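Undergrad: give me coordinates for this.
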Amino acid sequence: MPSGDPTVLDREMVVQRALREVENRDWDSYFVAGDAWGTATAVRVANARPKQVLGLALGHATLSYERDGQRPAVSNEVTAAMTQLLRSDYDSFVRYGMTQFTQGAFDEETSERIVARFPPMDIASRVWETNIDEDEPIGELLRRVDVPLLLAKHEGCLVFTAEGYEDAIRAFPEAHRTSVGRASSASDEFATALEDFCNRVLSDG
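TA: Sure, this is the predicted structure:
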């Protein structure tokens, strides 16, 4: 459940905001899409009202945010380095870190605009650390929702591992797949694959 504290941003709060947006638009059915740390949120949104969901698309697809073990889904080294940069030099994290973190998918100006929407540094830091420290049973939630899937891989991603994506497509072999050269949220390739996926699901239905 949401914490009730307006200074705390957790996944459940984002899920509830998404559901309110759906209600405000009076949508009877819709597709859900999420990328990177937003995949867990997207899957939770889909699980909240599965009968209304036509399909689910995940960029940087993975079954969890596990950073340990033989097949981690997320690079512990990279996220630890970014966390250290955030704690020690917030301005550099905003100006340069996010650009490097996404391998240029977001330029410096865009990164600054994104982070400018966040509260002050201490709250932004807690949001970041919540994202990377709180694992999610994404695979289990995907099985519950049981809708057509599009699973996307960001080739050469520094954060989400190839093993994490391989485990996802092994768990859901019937899913539609795509590979893109940039972070999905900034990728024209992913946008095209998402449009094609939606059109195919609608035509099959």
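Undergrad: what count of nearby residues applies to residue 179?
TA: Neighbour count of residue 179, defined by other C-beta atoms under 10 Å: 14. Where you see a C-beta, it was placed from the backbone N, CA and C, and this is true even at glycine.
Undergrad: mean confidence score for stretch 43-58?
TA: Taken as a whole, stretch 43-58 has an average pLDDT of 96.
Undergrad: how far does that stretch stretch from start to finish?
TA: 9 Å (C-alpha to C-alpha, to the nearest Å).
Undergrad: give the buried residues for that stretch.
TA: 43, 44, 45, 46, 47, 48, 53, 55, 56, 57, 58 (16 or more other C-beta atoms under 10 Å).
Undergrad: among these, which lie within strands?
TA: 53, 55, 56, 57, 58 (DSSP state E).
Undergrad: distance to residue 158 added to these, as CSV?
TA: Converted to CSV, these look like this (distance: C-beta to C-beta, whole Å):
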residue, distance to residue 158
53, 31
55, 28
56, 25
57, 22
58, 18
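Undergrad: which among the residues you listed gets closest to residue 200?
TA: In terms of C-beta to C-beta, no member of these lies closer to residue 200 than residue 55, at 9.0 Å.
Undergrad: where do the strands sit along this protein?
TA: According to DSSP E, the strands that the chain contains are 30-35, 53-59, 149-154, 176-180.
Undergrad: partners of the shortest one in the sheet?
TA: Sheet pairing of strand 176-180 (DSSP bridges) gives strand 149-154 (parallel).
Undergrad: how about residues contacting the partner strand?
TA: 55-61, 142, 160, 162, 165, 168-169, 172, 174-184, 187, 190, 193-194, 197 (C-beta atoms under 8 Å, 6 or more residues apart in numbering).
Undergrad: select only the buried ones of the residues you listed in ChimeraX?
TA: Remark: buried members of the contacts of strand 149-154, expressed as a ChimeraX selection using 16+ other C-beta under 10 Å:
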select :55,56,57,58,59,60,61,142,160,165,168,172,175,176,177,178,180,182,183,184,187,190,193,194,197
